[in-house]
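A.B. asks: Would you be able to build a 3D model of this:
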Amino acid sequence: LFAYVQHRIPEISDELYRIDDAMSAGFGWEHGPYQVWDAVGVAKGVELMEAIGKKPAAWVTEMLEKGFESFYTVKDGSTYYYSIPDKDYVKKPGQDGFIILDNLRANAPVFKNSGVTVHDIGDGILNVEFTSKMNSIGGDVLAGMNKAIDIAEDRFDGLVVANNGANFSVGANIGMIFMMAVEQEYDELNMAIKQFQNTVMRLRYSSIPTIVAP
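C.D. replies: Numbering: from 1, shown residues only. Alright, predicted model coming up:
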């Protein structure tokens, strides 16, 4: 794969990110070939290529010699790609209209627990990102959302609940509900349902604007 895609520049595209975008948007790949290569490591990918008798393209060798160790990098909350003509990183176009949570990973979260990560996404707005398994909603997510509302009402101007996961949320943590039902802990089950309802109503009636963005 790596040996093939390195020679599609400039045959198919002058910019490597366009090949990744085409494979993701057109063929449903979660990660494009250059993103996969980055995950393996560019130098490691060259080693694997050479081990089966394939040679790296001249531009890949030159890139590594110049000290560029990845095809992509994140700076100031934006993705940059390695531009072959410029021999340097260039900002990937089309990002200014979007907030890409993956680009905020380098920043320390405002709050984090086992179910959510809360990021300051600028302009006085907080974002609550679910991090539970399949973004299911359980006690940790509800506690995290309530904490985020507390922080936002105290120090921020608004709150967004959004993530870049394959599923915004698969719904309630059915495993937790099942265990409560099996053990006949009906008071706890009622309390869990009430906590969910109260959290949703807190979002609705918060003193600051809140937006849930699936």
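A.B. asks: From here on, just use CA atoms for contacts and neighbour counts.
C.D. replies: Will do.
A.B. asks: any chance you could map the strands in the protein?
C.D. replies: Applying DSSP state E to the chain gives strands spanning 72-75, 78-83, 88-91, 111-112, 116-120, 125-130, 158-161, 210-212.
A.B. asks: contacting residues around residue 1?
C.D. replies: For residue 1, the contacting residues are residue 33, by C-alpha atoms under 8 Å, 6 or more residues apart in numbering.
A.B. asks: how about the nearest residue to residue 180, chain neighbours excluded?
C.D. replies: Nearest non-adjacent residue to residue 180, counting by C-alpha to C-alpha, 6 or more residues apart in numbering: residue 189, 6.2 Å away.
A.B. asks: again but with residue 135, I slipped
C.D. replies: Using C-alpha to C-alpha, 6+ apart, the nearest residue to residue 135 is residue 169, at 4.6 Å.
A.B. asks: What's the separation between the most centrally placed residue in the chain and residue 41?
C.D. replies: By C-alpha atoms, centre = their mean, the chain has its centre lying nearest to residue 102, at 3.8 Å. Going from residue 102 to residue 41 by C-alpha to C-alpha, to the nearest Å gives 19 Å.
A.B. asks: what's the answer for residue 148, then?
C.D. replies: The value you get for residue 148 to residue 41, if C-alpha to C-alpha is used, is 36 Å.
A.B. asks: Between the two, tell me which one has more neighbours.
C.D. replies: Neighbour totals were compared for residue 148 and residue 41, and residue 148 leads with 25 against 16 (other C-alpha atoms under 10 Å).
A.B. asks: Go ahead and confirm that one touches residue 113.
C.D. replies: No: counting by C-alpha atoms under 8 Å, residue 148 does not reach residue 113; the two are 10.9 Å apart.
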